[in-house]
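Visitor: Let's see this in three dimensions:
(one chain, ligands or ions: 1)
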Amino acid sequence: MAQQAVIGVTGLGVMGRNLARNFARHGYAVAVHNRTPTKTKALMEEFGHEGDFIPAETPQEFVASLARPRKMVIMVQAGASTDAVIDEYAPLLEPGDILIDGGNAHFADTRRREQALRERGIHFVGVGISGGEQGALEGPSIMPGGSPEAYESLGPILEDIAAKVDGVPCCTYVGPDGAGHFVKMVHNGIEYADMQLIAEAYDLLRKASGMAPGEIAETFRTWNEGRLGSYLIEITADVLSHVDKATGKPFVDIVLDQAEQKGTGRWTVQAALDLGVPVTGIAEATFARSLSGHVDMRGAARGLAGPSGGGLGSSFADAVEQALYASKVVAYAQGFNEIQAGSAEYGWNIDLGAMATIWRGGCIIRAKFLDRIREAYETDPATPTLLTDARFAAEVGDAQDAWRDVAVTATRSGIPAPGFASSLAYYDGLRADRLPAALIQAQRDFFGAHTYRRTDREGVFHTQWELDDRPEARTDA
Ligand code: NAP
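Guide: So this is what the prediction gives:
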């Protein structure tokens, strides 16, 4: 009888290929399969010598090569692709087999899939895997959810290939059905906040202290020796000291400052809203990425007034009135943008000016101010944001010095004013010429090969960070 694999991996993309190699490097005979066989062949040619791989061309061949109870990992995109692969494999499996989803699935999907497969006697294990491309190969952090029974046989293998700290594996049974993917989702939400905070720290040092990226890299290296010591701080220093070969400029300056996301930050915020948990930092980080990508709004807002350097000049009450007015304009601008986006997404063709008109009386937010919103949309129905309407721009421009003073006073006095502070950050985010979203994109490319776009050329790029000479390689993505 042909040799049987202890575990199998289908989906040999960035993550799957490295995970399979990790199993093989730990001495497990590993079955490998990919929808497009060229990836399986490439894996065998490049890394076949690393261990015991059993390549398969078809799902049937793949399943037949697995020792019972079968353990197979699916490493494909979350969502429809994962469902398609499960539908393809479930009929080939038997009760007691363990189907493992290592992708970034939404925990609610994992709960649904686990229940459906449980009814057929198949263990479905939703596993959160963190550590990106390199982690998958050298030892990721693994968050498995599913039945304790499945973990009994699967757990030791996962613990074996996981990262170890002080000899302790970075893998443990998390809980039933969607628990593993839930914890991975929140992990990613925290990652969003961590990256945003680092980006803000960089931006402050650059713009407020005038430090160059190379100098900031040194500061980050120093911080990495202390209580901030972490992977993200370490790679930020690497990113900031990296010079773009093509232009000789600091790499962070040639990266387009529009941060992308794959949705786990958004899911964390959505789940937190459902659970009633105030994850304000994670939400701000998620929205900061979203703001950075709104090219039209940012383009229109670029000329809006910035700080004049003047003092308060009037009573504190007057300053608070100005902060209140300016923050209120932001709230309405955001709300109308949401209606605009919903209207476009669902084909509702909503007349925004008419919405302002019908809110002028009767409803709770009725206000004189709504006439102005109606007028703004009459002047330009496609205005990207109310903040760039000439009248609002002038008024908020006049108010913004006082608004800043109020935010500073609130901060100094320890009085929480999240509405004023976050509205002001939104205003400044929109009018910023460059956002530190460029650093976030560079970090994402560094740890997840997520690619980036450049300020000076069209296309999608990936830097091979692990190589010493780090050539820029254009991807086909
Ligand atoms: P990837 O490089 O884009 O590879 C995707 C793989 O999925 C390819 O092998 C592709 O096969 C396969 N696939 C897609 N749709 C399929 C379908 N309908 N049927 C069969 N195979 C299909 O993706 P990745 O970066 O490895 O990510 C895989 C999963 O891991 C995702 O859920 C991702 O969110 C998660 N993840 C990624 C990272 C990261 O840092 N990249 C970190 C943690 C988790 P073909 O070659 O035939 O197209």
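Visitor: where does this structure dip in pLDDT?
Guide: 1, 310-313, 467-477 (pLDDT under 70).
Visitor: Pick out the residue in the protein sitting closest to the ligand.
Guide: Proximity of the chain to the ligand (Cβ to the nearest ligand atom) peaks at Gly13, 1.9 Å away. No exception for glycine: its C-beta is placed from N, CA and C like everyone else's.
Visitor: list the contacts for the residue lying closest to that residue once chain neighbours are set aside?
Guide: Distances taken as Cβ to Cβ, 6 or more residues apart in numbering place Met75 nearest to Gly13, at 6.6 Å, with adjacent residues excluded. By Cβ atoms under 8 Å, 6 or more residues apart in numbering, the residues touching Met75 are 9-13, 15-16, 19, 102-103.
Visitor: Please report phi then psi for Met75.
Guide: According to degrees, to the nearest 10, the main-chain angles of Met75 amount to phi -120, psi 70.
Visitor: Kindly list the longest helix within this protein.
Guide: Looking across the chain with DSSP state H, the single longest helix is helix 316-346.
Visitor: Can you list the buried residues in that one?
Guide: Within helix 316-346, the residues scored as buried using 16 or more other Cβ atoms under 10 Å are 319-320, 322-330, 332-333, 336-337, 340.
Visitor: Between the contacts of Met75, which sits nearest Met211?
Guide: Nearest to Met211 among the contacts of Met75, counting by Cβ to Cβ, is Met15 at 35.9 Å.
Visitor: ok, now how distant is that closest one from Lys328?
Guide: When distance is defined by Cβ to Cβ, to the nearest Å, Met15 is 46 Å away from Lys328.
Visitor: which parts of the strand or helix carrying Met15 are buried?
Guide: Assigned by DSSP states H and E, Met15 belongs to helix 14-25. By neighbour count on 16+ other Cβ under 10 Å, the buried set for helix 14-25 is 15-24.
Visitor: Quick check: phi and psi at the residue of the chain closest to the ligand.
Guide: Torsion angles, degrees, to the nearest 10, at Gly13: phi -80, psi -150.
Visitor: Now for it, how many residues are close by?
Guide: 15 (other Cβ atoms under 10 Å).
Visitor: How about the residues of this structure by the ligand?
Guide: With Cβ under 6 Å from any ligand atom as the criterion, the chain meets the ligand at residues 11-16, 34-36, 39, 75-78, 81, 84-85, 103-104, 129, 132-133, 448.
Visitor: Which among these count as buried?
Guide: Here, 16+ other Cβ under 10 Å leaves 11-12, 15-16, 34, 39, 75-76, 78, 85, 103-104, 129, 132-133, 448 buried among the residues of the chain next to the ligand.
Visitor: Spell out the residue ranges of the strands in the protein.
Guide: 7-10, 30-33, 53-55, 71-74, 98-101, 123-130, 141-145, 164-165, 168-169, 461-463, 472-474 (DSSP state E).
Visitor: Return the most buried member of those.
Guide: Compared across the strands of the chain, strand 30-33 shows the largest average neighbour count, a mean of 28 (mean count of other Cβ atoms under 10 Å).
Visitor: List the contacts of that strand.
Guide: 5-10, 12, 20, 23-24, 40, 43-44, 51-59, 61-62, 65-66, 72.
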